[in-house]
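A.B. asks: Here is a sequence together with a model predicted from it:
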Amino acid sequence: MEQPVVRLQNVTKRIGGRTIIDRLTLELPLGEVFGFLGPNGAGKTTTIRMMVGLISITDGEIWIDGHSIAKEYEKAIKHVGAIVENPEMYKYLSGYQNLMHFARMFPGVTEARVKEVVRLVGLEGRIHDKVKTYSLGMRQRLGVAQAILHKPKLLILDEPTNGLDPAGIRELRDYLRELSKVEGIAVFVSSHLLAEMELMCDRVAIIQNGKLIDVRVLQGSKPSSERVRTLIEVDRADAAIGALAEVDCAAQPDGNGMIAVEADRELTAVINAQLVSAGIKVFGIRAQIKSLEDQFLEVTGGERIG
Amino acid sequence: MGDFLQLVRNENIKVYFRPRTYIMAGLLVGAVILISVMWLLLSGRDTTMWTVAYWESFILFLLVTIFSVVIAAVSVAEEFTSGTIKLLLIRPWSRSKILLSKYISVVLFAALLTVLLFGSTLLVNWLSFGLFPSETALAIQEQLPGQENMSSLQFLFQFYVMKFIALVVMITLAFMLSTIFRSSALAIGLALFLLLAMDIINSLFSLLNYKWIDYLLFTHLDLTRYIGHTTIDGGMTLGFSLGILGLYYVLFIALTWYIFDKRDVAG
């Protein structure tokens, strides 16, 4: 495996005896959209603040492109673009002046690049207006623009869909996917919006009370060979269970003319054929795939902020 | 690593793209004109331009100090209150350099206001009194407080140099308070309180006869008393005062940079 662009190793943050982040270890390769998921107060923003050097690390180490953020800050941060919490800009300056301000802080970011980025985030029409006249969605776009000015290897976005309308969310999602796949950059997104993350990310980490609970790969729309609970709506449940018993398939009644089986894709087709040949009307077949939300509530135990 | 002057340019933009900066400059020049016009109306033209320029400078330098302190106090604190500090710090620059660029822009602003006051008092009073002096005014042998064996312009220039040194110490103090408290209101309030209470504190302390009073910051902020004198207050020299101010200056700078470098930026 190629060298990860970010590596967090046993990262711990203690403030006044309270452990906010507890031995967090993560790796993130280039070209991946990584979701950082957790309930409010779980430590998502604290972790991000440590990754960009805004707060010190009590214990452990964060490496970005092979450079320690604590020891070689300037070398490490060079490859990072980020929005931490809200994209706060200088409100008395125009969007363009804000971008030029940050462009001046990087060697080699030209005015042409600034204009390119403005086009990319779709702010051409309003870029010369003062930021105080911008809507939250426009500020979010400007925030993304300043984060990608210097073509970073790692893009860190803290709750990026906050304040965006559905069209804006979709646009951001497509854009992030493109950035990660075409430009090969790693995107680290934090959120508590599960459905959103499911659509956006290749992999998610779930964090609760400062501890990493689970890291899982999201399948996306790819068919799974896993057996899942499948509900079948039929006209005669008892006859259906009898017919399925003939092909060694254990089905249980589920009420309202429904029966439940454990089946994968192939088996579902076999079951359907068997039911139809037994003269049973099949009204519907539905696999109960767990959404990320279900999984999330399962691992976090639906617990509140603790 | 990049071009440090670009950082200073950024900080300058933050100062000069705001209307308040021009309101301050306008008030300062307006006050110069107002005093000269009042002087003309109330006591006529039988005065030299130097007398008016001196008194205007004497009074209005307080305004220069207040405005500079405000800009210094706002500089760091405003980045924190607006949240822009986060976007400012996550760049390939050390915190010390970012802070230095802010400090330079603040000192530049103070210098600019000082030059503006110096220039406008000279110009306005030259137009009002110096261009067509009256017979009486021509006959006056100029004697400003402390002026001995030097031209009026020389005297006024020395006055501004002395004032500016103290101004730099004051804005450094305000800049430090701004960095420590991250609140412009508190930094402005405290710095101006210290500035305005200075005379009272000094006169209170002068009643006491302790040696350590000589080492307090406020005993040394009025350097103009040294113009035309080698010692003041029974033995203090300009070198001694500058030494004490220098010590405080180094202390302020060290504290400011240490705190800014170490601080967790959260909330």
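C.D. replies: Structure received.
A.B. asks: so which residue of the stretch 1-150 of chain A comes closest to chain B?
C.D. replies: residue A:88 (3.5 Å; Cβ to the nearest Cβ). For the C-beta atoms, the positions are set from N, CA and C on the backbone; glycine is no exception.
A.B. asks: what about that residue, which SS state?
C.D. replies: Here residue A:88 is recorded as coil under DSSP: H, G, I helix; E, B strand; the rest coil.
A.B. asks: Is it in contact with residue B:81, as I believe?
C.D. replies: No: Residue A:88 is beyond contact range of residue B:81, at 9.9 Å (criterion: Cβ atoms under 8 Å).
A.B. asks: more neighbours, those two?
C.D. replies: Neighbour count, other Cβ atoms under 10 Å in any protein chain shown: between residue A:88 and residue B:81, residue A:88 has more, with 19 against 14.
A.B. asks: and that one, what pLDDT?
C.D. replies: pLDDT recorded at residue A:88 is 90.
A.B. asks: List the contacts of the residue nearest to it when sequence neighbours are not counted.
C.D. replies: Of all residues not flanking residue A:88 in the chain, residue B:83 sits nearest, at 3.5 Å (Cβ to Cβ, 6 or more residues apart in numbering or on different chains). Going by Cβ atoms under 8 Å, 6 or more residues apart in numbering or on different chains, residue B:83 touches A:85-86, A:88.
A.B. asks: Same question for residue A:232.
C.D. replies: A:240, A:251, A:258-261, A:271, A:275, A:282, A:284-286.
A.B. asks: out of those, who's near chain B?
C.D. replies: The subset of those lying close to chain B, counting by Cβ under 8 Å from any Cβ of the partner chain, is empty.
A.B. asks: Keep only those of those that are in strands.
C.D. replies: Among the contacts of residue A:232, the ones falling in strands (DSSP state E) are A:258-261, A:282, A:284-286.
A.B. asks: Just the closest of those to chain B, please.
C.D. replies: Looking across those and measuring by Cβ to the nearest Cβ, the closest to chain B is residue A:286, at 46.1 Å.
A.B. asks: Compute the distance between the closest one and residue A:231, please.
C.D. replies: Plainly put, residue A:286 is 5 Å away from residue A:231 if you go by Cβ to Cβ, to the nearest Å.
A.B. asks: So those two - more neighbours on which side?
C.D. replies: residue A:231 (15 against 11).
A.B. asks: which SSE is the most centrally placed residue in chain A in?
C.D. replies: The residue lying closest to the centre of chain A (Cα atoms, centre = their mean) is residue A:35, at 3.0 Å. When elements are assigned from DSSP states H and E, residue A:35 belongs to strand A:33-37.
A.B. asks: who does that strand pair up with?
C.D. replies: strand A:186-191 (parallel), strand A:203-208 (parallel) (DSSP bridges).
A.B. asks: and the helix or strand just after the last one, which strands flank it?
C.D. replies: Scanning forward in sequence from strand A:203-208, with DSSP H and E defining helices and strands, the next element found is strand A:211-217. In the sheet containing strand A:211-217, its partner strands are strand A:203-208 (antiparallel), by DSSP bridges.
A.B. asks: what comes up buried for the strand it pairs with?
C.D. replies: A:204-208 (16 or more other Cβ atoms under 10 Å in any protein chain shown).
A.B. asks: Could you do stretch B:5-15 as well?
C.D. replies: Applying 16+ other Cβ under 10 Å to stretch B:5-15 flags B:6-11, B:13-15 as buried.
A.B. asks: again with stretch A:186-198
C.D. replies: Buried, per 16+ other Cβ under 10 Å, within stretch A:186-198: A:186-194, A:196-198.
A.B. asks: and of those residues, the nearest to chain B?
C.D. replies: Nearest member of the buried residues of stretch A:186-198 to chain B, counting by Cβ to the nearest Cβ, is residue A:188, at 13.4 Å.
A.B. asks: In chain B, mark out all the helices, start to finish.
C.D. replies: Using DSSP state H, the helices of chain B run over B:4-16, B:19-43, B:49-82, B:84-89, B:95-125, B:135-139, B:152-181, B:184-207, B:238-262.
A.B. asks: Output the fourth one as PDB, restricted to C-alpha atoms.
C.D. replies: Once side chains and other backbone atoms are set aside, the C-alpha atoms of helix B:84-89 remain, and they are given as PDB (Å, rounded to 0.1, in the frame of the first residue of the first chain):
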ATOM      1  CA  THR B  84     -10.800  34.200  10.800                       C
ATOM      2  CA  ILE B  85      -7.800  33.400  12.900                       C
ATOM      3  CA  LYS B  86      -8.400  29.700  12.000                       C
ATOM      4  CA  LEU B  87      -8.100  30.300   8.300                       C
ATOM      5  CA  LEU B  88      -5.100  32.700   8.800                       C
ATOM      6  CA  LEU B  89      -3.100  30.200  10.900                       C
END
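A.B. asks: Assign a three-state SS to the residue in the stretch 151-300 of chain A positioned nearest to chain B, would you?
C.D. replies: In the stretch 151-300 of chain A, the residue that lies nearest chain B is residue A:156 (8.9 Å; Cβ to the nearest Cβ). The three-state assignment at residue A:156 reads strand, by three-state DSSP.
A.B. asks: Give the burial count for residue 115, as a bare number.
C.D. replies: Since you didn't name a chain, this refers to chain A. So residue A:115, with other Cβ under 10 Å, has 14 neighbours.
A.B. asks: I was after chain B.
C.D. replies: For residue B:115, using other Cβ under 10 Å, the count is 13.
A.B. asks: What pLDDT is listed against it?
C.D. replies: 97.
A.B. asks: just to revisit the earlier point, just name the closest of the buried residues of stretch B:5-15 to chain A, please.
C.D. replies: For the buried residues of stretch B:5-15, the nearest to chain A is residue B:6 (4.0 Å; Cβ to the nearest Cβ).
A.B. asks: Identify the residues contacting the nearest residue to that closest one once chain neighbours are set aside.
C.D. replies: The spatially closest residue to residue B:6, leaving aside those adjacent along the chain, is residue A:104, at 4.0 Å (Cβ to Cβ, 6+ apart). By Cβ under 8 Å, 6+ apart, the contact list for residue A:104 reads B:3, B:6-7, B:9-10.
A.B. asks: change it to 7 Å
C.D. replies: B:6, B:9-10 (Cβ atoms under 7 Å, 6 or more residues apart in numbering or on different chains).
A.B. asks: who touches residue B:180 in this structure?
C.D. replies: Residue B:180 sits in contact with residue B:259, where contact means Cβ under 7 Å, 6+ apart.
A.B. asks: That one and residue B:252: what is the separation?
C.D. replies: Counting by Cβ to Cβ, the gap from residue B:180 to residue B:252 is 10 Å.
A.B. asks: now residue B:74
C.D. replies: On the measure of Cβ to Cβ, residue B:74 and residue B:252 end up 17 Å apart.
A.B. asks: from what I can see residue A:179 touches residue A:186, true?
C.D. replies: No: with contact defined as Cβ atoms under 7 Å, residue A:179 does not reach residue A:186; the gap is 9.5 Å.
A.B. asks: what stretches of the stretch 1-150 of chain B score poorly on pLDDT?
C.D. replies: B:1-2 (pLDDT under 70).
A.B. asks: Angles on the backbone of the residue in it that chain A sits nearest to, please.
C.D. replies: Closest to chain A within the stretch 1-150 of chain B is residue B:83: 3.5 Å, counting by Cβ to the nearest Cβ. Residue B:83 adopts backbone torsions of phi 90, psi 0, taken as degrees, to the nearest 10.
A.B. asks: What residues does the stretch 1-150 of chain A have near chain B?
C.D. replies: A:49, A:52-56, A:73-74, A:77-78, A:80, A:82, A:84, A:86, A:88-90, A:92-93, A:101-102, A:104-107, A:146 (Cβ under 7 Å from any Cβ of the partner chain).
A.B. asks: Can you select the buried ones from those residues in PyMOL?
C.D. replies: To isolate the buried members of those in PyMOL, using 16+ other Cβ under 10 Å:
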select buried, chain A and resi 49+52+53+54+55+73+77+78+80+82+84+86+88+89+90+92+93+101+102+104+105+106+146
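A.B. asks: Thanks a lot, see you next time.
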